[in-house]
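[1] sequence? don't have it. structure:
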């Protein structure tokens, strides 16, 4: 089905709340749930990002939203992420970073190109969303089978195979810019293993940098774990 262009509403909220209290640093081993989702208004749009592996910003084209990421623990803040697919992602040589729940547990992880952009958003409930800044992330595919036993243990029974690592990027969209707040913070995503209950798949309205949309989450879910990341692999 063709995507429709959604007009930008930067005046609504440029980057809105997340559940980490504005610190930009999530506790290691905090978990989130990723659910593929169908948007009421699909969009195509271009933004500029600079990853930790690049010396300048590059233009990428987004399609979606295609998924919703929410805290695994019950919270009242309404913070979440919306996920957009990166169209025509370019091939590049594998990258290596160190990953662990703590710095002393770093293991080497090989990464492919970015496949998704993970943008802060907020579920619309009673009242107005409170503006807050959080990093924007790119999700890169994990290559091979890295020894991430500690991270899998933090994910619990829902951990499958590690599939992606989300890394913060410097983000530009028209007059908005979101700088990296904590380059050492990442998110490991595992393959889908669980089925969400009915209350977790109810359609929700969210607002992000592209405006307001309504998402209908799927029944299948995957878990993600916040981790610590180092450049150049484990020391």
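    All right, it came through fine. Small disclaimer: the values here were computed from a predicted structure and weren't measured. Numbering: from 1, shown residues only.
[2] in this protein, what spans have low per-residue confidence?
    Along the chain, segments meeting pLDDT under 70 span 1-29, 74-78, 126-133, 158, 194-200, 233-235.
[3] all strands of it, in order?
    Secondary structure of the chain (DSSP state E): strands at 31-39, 43-50, 58-71, 79-87, 95-100, 107-123, 136-143, 162-173, 176-178, 185-190, 194-195, 204-208, 211-217, 220-231.
[4] would you turn the ones you listed into JSON lines with distance to residue 152?
    In this view, the C-beta of every residue, glycine as well, is placed from N, C-alpha and C. Conversion of the strands of the chain to JSON lines gives the following (distance: least, Cβ to Cβ, whole Å):
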{"stretch": "strand 31-39", "distance to residue 152": "11"}
{"stretch": "strand 43-50", "distance to residue 152": "29"}
{"stretch": "strand 58-71", "distance to residue 152": "19"}
{"stretch": "strand 79-87", "distance to residue 152": "21"}
{"stretch": "strand 95-100", "distance to residue 152": "12"}
{"stretch": "strand 107-123", "distance to residue 152": "11"}
{"stretch": "strand 136-143", "distance to residue 152": "12"}
{"stretch": "strand 162-173", "distance to residue 152": "7"}
{"stretch": "strand 176-178", "distance to residue 152": "30"}
{"stretch": "strand 185-190", "distance to residue 152": "7"}
{"stretch": "strand 194-195", "distance to residue 152": "14"}
{"stretch": "strand 204-208", "distance to residue 152": "29"}
{"stretch": "strand 211-217", "distance to residue 152": "24"}
{"stretch": "strand 220-231", "distance to residue 152": "8"}
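[5] Indicate which one of these is closest to residue 154.
    Proximity to residue 154 (Cβ to Cβ) singles out strand 220-231 among the strands of the chain, at 4.8 Å.
[6] Measure how buried residue 83 is and give me the count.
    Per other Cβ atoms under 10 Å, the neighbour tally for residue 83 reads 25.
[7] Please name the residues that touch the nearest residue in space to it that is not next to it in sequence.
    For residue 83, the nearest residue in space outside its immediate sequence neighbours is residue 67; the separation is 3.7 Å by Cβ to Cβ, 6 or more residues apart in numbering. Residue 67 is in contact with 34-37, 82-83, 116, counting by Cβ atoms under 8 Å, 6 or more residues apart in numbering.
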